[in-house]
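**Q** Show me the folded form of this:
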Amino acid sequence: MVFAHDTEAALLAAVELVNSAEDPDTLTETAQLAEFLHRHVYTGAHADDAAELAAVRAIRAPLRRLLTSDRDAAVILVNDTLAEHRAVPQLVRHGDIDYHVHAVPPEAALPVRIAVETAMAMIDLIRADDLSRLTVCADDTCDGLVLDLSRNRSRRYCSTACGNRNAVAAYRARQK
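**A** Numbering: from 1, shown residues only. Below is the predicted model of the structure:
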């Protein structure tokens, strides 16, 4: 299934944010958060301080729970998130991005915008009964999340590093 641009963008950002908590933690400085925001084009208020960094780091575990939940549990988490933040979906257009959905105002705190945008994206996955696109990395030593948007659903690893490590291990096992 092909998802809307904002759905894919929100899911890619959420997976990267959740995976930043894996060892080694890659979200420990405000500069790293700024790079994340630049990569994922989050608009709106951005405090660029330690408090905001701490708040964004704090939502990684709840986002992981949401992204790894079964369908019925995900529905509850999505509904709770949208209700908690009084999300009111509206179509907006800004910059080079055509109409897409925002559900909280641009002045909402960054962690709120991330949580609500992720919940809105999860609505599409839930409605399509397509949560299988979110899995845990196939590397036995990694707990990173994988978002598989490929047509043939062949993505198994959260990163090139995990994929390469397993390819080398498989090669070495065949050589014995």
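
**Q** Let's verify V101: helix, strand, or coil?
**A** Secondary structure, DSSP: H, G, I helix; E, B strand; the rest coil: V101 is strand.

**Q** Can you give me the pLDDT of it?
**A** Confidence at V101, expressed as pLDDT, is 93.

**Q** show me the contacts for it.
**A** Shown in contact with V101 (CB atoms under 8 Å, 6 or more residues apart in numbering): 6, 89-92, 120. For every residue, glycine as well, the C-beta is placed using N, CA and C.

**Q** Can you name every helix or strand that the longest helix seen in the chain contacts?
**A** Counting residues, the longest helix in the chain under DSSP state H turns out to be helix 110-127. Using 3 or more CB pairs under 8 Å, 6 or more residues apart in numbering; DSSP states H and E, the elements in contact with helix 110-127 are helix 5-19, helix 50-58, helix 60-67, helix 71-84.

**Q** That one: how far from the chain's middle?
**A** In terms of CA atoms, centre = their mean, to the nearest Å, the centre of helix 110-127 is found 9 Å from the chain centre.

**Q** Let's test this: mean pLDDT of it, rounded?
**A** 97.

**Q** F3 against I126, yeah?
**A** No - counting by CB atoms under 8 Å, I126 is not a contact partner of F3; they are 12.0 Å apart.

**Q** ok, how many other residues are close to H94?
**A** For H94, the neighbour count with other CB atoms under 10 Å is 13.

**Q** List the beta-bridge partners for V146.
**A** When bridges are called by DSSP bridges, V146 pairs up with T135.

**Q** Now do the same contact list for it.
**A** Contacts of V146 by CB under 8 Å, 6+ apart are 15, 134-138, 155-158.

**Q** show me where pLDDT drops low in this structure?
**A** Of all residues in the chain, none has pLDDT under 70.

**Q** now with 80?
**A** 1 (pLDDT under 80).

**Q** How far off centre is whichever strand or helix holds L37?
**A** According to DSSP states H and E, L37 maps onto helix 30-40. Distance of helix 30-40 from the chain centroid (CA atoms, centre = their mean) equals 14 Å.

**Q** likewise stretch 67-74?
**A** The mean C-alpha position of stretch 67-74 is separated from the chain mean by 14 Å, CA atoms, centre = their mean.

**Q** Just the buried residues of that stretch, please?
**A** For stretch 67-74, a neighbour-count test (16 or more other CB atoms under 10 Å) marks 67-69, 74 as buried.

**Q** With distance to A170 as extra columns, can I get those residues in CSV?
**A** CSV is the format used below for the buried residues of stretch 67-74 (distance: CB to CB, whole Å):
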residue, distance to A170
L67, 27
T68, 26
S69, 31
A74, 33
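
**Q** residues touching the nearest residue to D129 once chain neighbours are set aside, list them.
**A** Excluding the flanking residues, the one nearest D129 by CB to CB, 6 or more residues apart in numbering is R71, at 6.8 Å. With contact set as CB under 8 Å, 6+ apart, R71 has these partners: 126, 129, 131.
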